[in-house]
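**Q** For reference, the sequence and a predicted model appear below.
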Amino acid sequence: MTDEAADKAVDNCLFCKIVRKEIPADVIYEDDTVIAFRDITPQAPVHVLVVPRTHVSTVNDLEDPALAGYLIMTAKKLANELGIDESGYRLVMNCNEQGGQTVFHIHLHLLGGQQLGHLI
Ligand code: 5GP
Ligand code: ZN
């Protein structure tokens with residue numbers, strides 16, 4: 001991708017717009033690295049998206065192990081703060097079409113607050 005194409009991807013990206021506060025979201029946590037907000041179409045009583053501030057399109061493009069770890073550690077902390085750590089929760093990151101990805105800025109789904117069905 002050219003620098004120009006990369007800039008355009010970031011300009012048009014839904015989650016970059018939420019990071020830049022151009023689109024409203026129900027933000028429950030943010031710091032210098034990530035922002036976490038409630039999913040607009042929740043699939044469980046708790047459905048939060050943990051999103052890096054920097055634009056990374058898919059897991060295939062993820063190069064920073066520290067960032068990958070930070071997403072998980074943030075989700076873990078939020079699960080505790082939201083009171084679902086002991087009952088349990090699920091962390092999901094979809095990749096590309098067959099993985100069910102619809103927004104091409106990586107995000108970790110934090111799902112809980114009810115019994116979740118088995119996926120695998
Ligand atoms: P994916 O399907 O890419 O793994 O997940 C994208 C998620 O983003 C979906 O669960 C969808 O409901 C959520 N989503 C899509 N648009 C918006 C939005 O404008 N605001 C919020 N908060 N969530 C969104
Ligand atoms: Zn983005």
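**A** Everything's here; your move. Residues are numbered from 1 along each chain as shown. Ligands and ions are numbered 1, 2, ... in the order given.
**Q** Distance check, the residue positioned nearest the centre of the chain against ligand 1.
**A** Among the residues of the chain, the smallest C-alpha distance to the mean C-alpha position (CA atoms, centre = their mean) belongs to His107, namely 2.3 Å. Summarising the geometry, the distance separating His107 from ligand 1, computed by CB to the nearest ligand atom, to the nearest Å, is 6 Å. Bear in mind the C-beta positions are built from the backbone N, C-alpha and C, glycine included.
**Q** So what touches the strand or helix carrying Thr74?
**A** Thr74 is part of helix 65-81, with elements assigned from DSSP states H and E. Under the criterion CB atoms under 8 Å, 6 or more residues apart in numbering, residues 28-29, 33-34, 36, 46, 48, 50, 52, 54, 56, 62, 85, 89, 91, 93, 106, 108, 110, 112 lie in contact with helix 65-81.
**Q** Can you tell me the strand partners of the strand ranked longest in the chain and which way each runs?
**A** Ranked by residue count under DSSP state E, the longest strand found in the chain is strand 46-52. Strand pairing for strand 46-52, using DSSP bridges, gives strand 34-38 (antiparallel), strand 108-112 (antiparallel).
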